[in-house]
Every structure is written in C-alpha cells, then in structure tokens.
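> Make a model of this:
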Amino acid sequence: MTLKTYWLVDRTGSKALVEGAAERDRWVPHGWAEADEPTGDEMVWATYPDVADPAQFPADAFREVWEPKGWMASAPPEPVDPITGIRPPRPVPTPSAEPAVKSTPAKAETVTPK
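Reported below is the predicted structural model:
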C-alpha cells in the first residue's frame, strides 16, 4: 500500500515532503502545516542516500539540478529535543531482504557415454 504524500511548510516558508498522515501529524506540533507544492525560489528540504542530514534547495533549482542527481524531496531534519538540546539521528531505512543481484542457475553439462 502506498501512503499519500503531503507538502508541509514551516514558519520560515521552507517546505518539506512527508509520507502518510501519521508523519504529517507528527510535524504539526513542531510548527509545520499542510501546504501547496513549492515553486520558484521557495526552499525545499531534500535528502540523498549517502548524506546524513537533509539539505535545502530553491524549488526550481532542486527540480532542474539536484533531483536528476538523485536527491529526493523529504522531511526536514529531526527537531532538537528542548530538554537535552540533542537532535536525534535521521531514521535509517531498513535494508531489503532480497539480494541485490539474483544468480542464474548453472547449466548442467551433458555427458556422452564412451
């Protein structure tokens, strides 16, 4: 089942893309609200698989330059805990259970009797 995606905006006008109503609702107490898709020079949060934290790009530059390079619109960095002052790490995706490369079965050799 595919979750619905939501564009969110914070108090500074930065936009982020989240999956699912539960994720959307998790960001509301942190000052985020539903928004339209970003355009022009509106800032967009994006992630790249090998980069630890999300980065921000202007929407048009993101679509033209960074998205073709593998960056994906995403949620913003996790908020800093107000008590400890620590930002929790970005959740790590669970690796797929399937092997990356599927092997092909070896061909059986035919033996001719002598």
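> going forward, measure contacts between C-alpha atoms and count neighbours the same way
OK.
> and M72, how many neighbours does it have?
For M72, the neighbour count with other CA atoms under 10 Å is 19.
> I figured it hits V44, correct?
No. Using CA atoms under 8 Å, M72 is not in contact with V44; the gap is 9.8 Å.
> tell me what the helix or strand of the chain with the lowest mean pLDDT is packed against?
Using mean pLDDT, DSSP states H and E, the weakest-scoring helix or strand in the chain turns out to be helix 21-27, at a mean of 93. Counting contacts by 3 or more CA pairs under 8 Å, 6 or more residues apart in numbering; DSSP states H and E, helix 21-27 packs against strand 5-9.
> all helices for this structure, in order.
Here the chain has its helices, by DSSP state H, at 21-27, 59-61.
> Would you mind saying which of the ones you listed lies nearest P79?
Nearest of the helices of the chain to P79, taken as CA to CA: helix 21-27 at 9.2 Å.
> Now do the buried residues in that closest one.
Of all the residues in helix 21-27, those buried under the rule 16 or more other CA atoms under 10 Å are R24, W27.
> so how many other residues sit close to A75?
A75: 23 neighbours (other CA under 10 Å).
> meant to ask about T2
T2, neighbours per other CA under 10 Å, totals 6.
> Offset the numbering so it begins at 2, please.
In the new count, where the first residue is 2, that last one comes out as T3.
> give the contact list for it.
By CA atoms under 8 Å, 6 or more residues apart in numbering, no residues touch T3.
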